[in-house]
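>>> Okay, structure incoming, though there's no sequence with it:
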Ligand SMILES: [Zn+2]
C-alpha cells in the first residue's frame with residue numbers, strides 16, 4: 001500500500017532551534033492555554049500524534065497513560081530524556097497514515113502542528129477516527145491559510161495563491177496551510193462533531209514580539225482565542241472534536257489491558273501481535289516490528 005510522502009524530523013534539532021532558542025515562548029504559552037481549555041481534565045489513554053520531543057506531553061498529565069507517536073526516532077529519544085521511561089509513557093515510531101493501533105483504543109487524541117505536514121490530510125484524520133473510542137475527544141491544531149497577513153498580502157498583489165479557496169496551499173515542500181471550512185468539512189464527513197474552536201497566535205508579528213512583553217501578548221491572545229467560535233483569521237486554529245457514533249471497541253477493559261494489546265500490524269492489520277522481547281511478531285503476515293531502547297518501531301519491518 002502506498003502512502004503519501006512524510007516530513008521526517010529525524011536528526012533535527014527542531015526542539016532547540018525552533019522552540020528553545022527561536023523566540024517561540026509566546027506561541028508555546030498560548031498553546032498551553034488552549035490545551036487547558038479544550039482537553040478533558042482526566043482520562044485513561046491519550047494518543048499524542050507528532051509528539052516530537054514531548055514539549056506538550058506534560059500538559060496531558062490528567063491522563064493515566066500517554067502514547068507518543070512520531071515518525072522520527074531521534075525526536076522520541078529526546079522525549080524519553082525529558083519524560084523518562086516509566087509505564088506512563090509509551091513511545092512509538094510510526095507513520096500516521098498506517099497507525100499500528102487497534103480500533104477504538106483511545107479516549108482522546110491530540111495532533112498539534114502536525115497536519116501542517118500532511119500531504120493527504122483527510123486520510124490522516126481518518127486514521128485518528130479509527131483508533132478513537134466512542135465519544136473520544138480529538139484536539140486538532142492546523143495552520144490557517146485564511147489569516148489576516150495572507151489576506152492582506154494577496155489583496156496587495158504580493159502573494160500568488162488565494163487564501164479564500166478551499167484547497168490546501170503548500171508554501172514550502174511538505175508545509176501546508178488549510179482553509180478552516182475545508183478542515184471542518186473533513187472532520188464532519190468522518191463523523192466528528194466540532195464542539196469548540198479557538199484561534200491562536202493573533203500577535204505572531206516579529207516587531208510586536210520584540211517590543212511588547214510576552215506576558216501581555218499572551219494575555220490578549222488568551223482573550224482573542226474565544227473569537228474562534230465566530231471567525232478564524234489567525235495563523236493557528238485549535239479544534240475540539242468528538243467522535244460520534246459507535247465503533248467496535250476490541251480492547252480489554254481498563255485495568256486488564258496491556259501495552260501489547262494496543263497494537264495491530266500496520267501492514268496486514270492483524271492483532272494481537274506476539275511479544276518476542278526485541279520485537280513484536282505478526283501472526284498474520286509474519287513480519288517483525290522492532291523494539292529498541294523502549295521505543296516500538298512500526299515504520300519498517302525487521303524482516
Ligand atoms: Zn501483519
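Arrived safely, thanks for sending. As the structure is a prediction and not an experimental result, all values here were calculated from the model.

>>> what sits against the residue in the stretch 1-150 of the chain that the ion sits nearest to?
At 9.8 Å from the ion, residue 100 is the closest residue in the stretch 1-150 of the chain, using C-beta to the ion. Any C-beta I mention is one placed from the backbone N, CA and C, and that applies to glycine too. Counting by C-beta atoms under 8 Å, 6 or more residues apart in numbering, residue 100 touches 92, 94, 263, 264, 265, 266, 289, 296, 298.

>>> Cross-check these against the ion and keep the overlap.
residue 265 (C-beta under 5 Å from the ion).

>>> which of the contacts of residue 100 lies closest to the ion?
Looking across these and measuring by C-beta to the ion, the closest to the ion is residue 265, at 3.0 Å.

>>> count of residues packed around residue 208?
13 (other C-beta atoms under 10 Å).

>>> Let's verify it: helix, strand, or coil?
helix (DSSP: H, G, I helix; E, B strand; the rest coil).

>>> With residue 241 instead?
strand.

>>> Leaving out chain neighbours, which residue sits closest to it?
residue 192 (3.9 Å; C-beta to C-beta, 6 or more residues apart in numbering).

>>> Show the pLDDT at that neighbour.
Residue 192 carries a pLDDT value of 97.

>>> so it sits right up against residue 137, yeah?
No - the criterion here is C-beta atoms under 8 Å, and residue 192 misses it with residue 137 at 9.8 Å.

>>> so what sits against both of the two?
The contact lists of residue 192 and residue 137 share 241, 242, 243, where a contact means C-beta under 8 Å, 6+ apart.

>>> can you list the contacts of residue 100 in CSV and add pLDDT and neighbour count?
Below are these laid out as CSV (pLDDT from 0 to 100; neighbours: other C-beta atoms under 10 Å):
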residue, pLDDT, neighbour count
92, 98, 25
94, 97, 21
263, 96, 25
264, 96, 23
265, 98, 23
266, 97, 21
289, 98, 26
296, 97, 23
298, 98, 24
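
>>> Of the contacts of residue 100, which belong to helices?
Under the assignment DSSP state H, those contribute nothing to helices.

>>> Including distance to residue 273, could the contacts of residue 100 go into JSON lines?
As requested, the contacts of residue 100 are exported to JSON lines (distance: C-beta to C-beta, whole Å):
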{"residue": "92", "distance to residue 273": "13"}
{"residue": "94", "distance to residue 273": "13"}
{"residue": "263", "distance to residue 273": "5"}
{"residue": "264", "distance to residue 273": "7"}
{"residue": "265", "distance to residue 273": "6"}
{"residue": "266", "distance to residue 273": "10"}
{"residue": "289", "distance to residue 273": "7"}
{"residue": "296", "distance to residue 273": "10"}
{"residue": "298", "distance to residue 273": "10"}
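
>>> Of the contacts of residue 100, which pair is most distant in space?
92 and 265 (13.5 Å; C-beta to C-beta).

>>> worst-scoring helix or strand of the protein, pLDDT-wise?
Sorted by mean pLDDT, DSSP states H and E, the helices and strands of the chain end with helix 14, the least confident at a mean of 77.

>>> State the mean pLDDT of the next helix or strand after that one.
Using DSSP states H and E, the helix or strand that follows helix 14 towards the C-terminus is helix 25-38. Averaged across helix 25-38, the pLDDT comes to 91.
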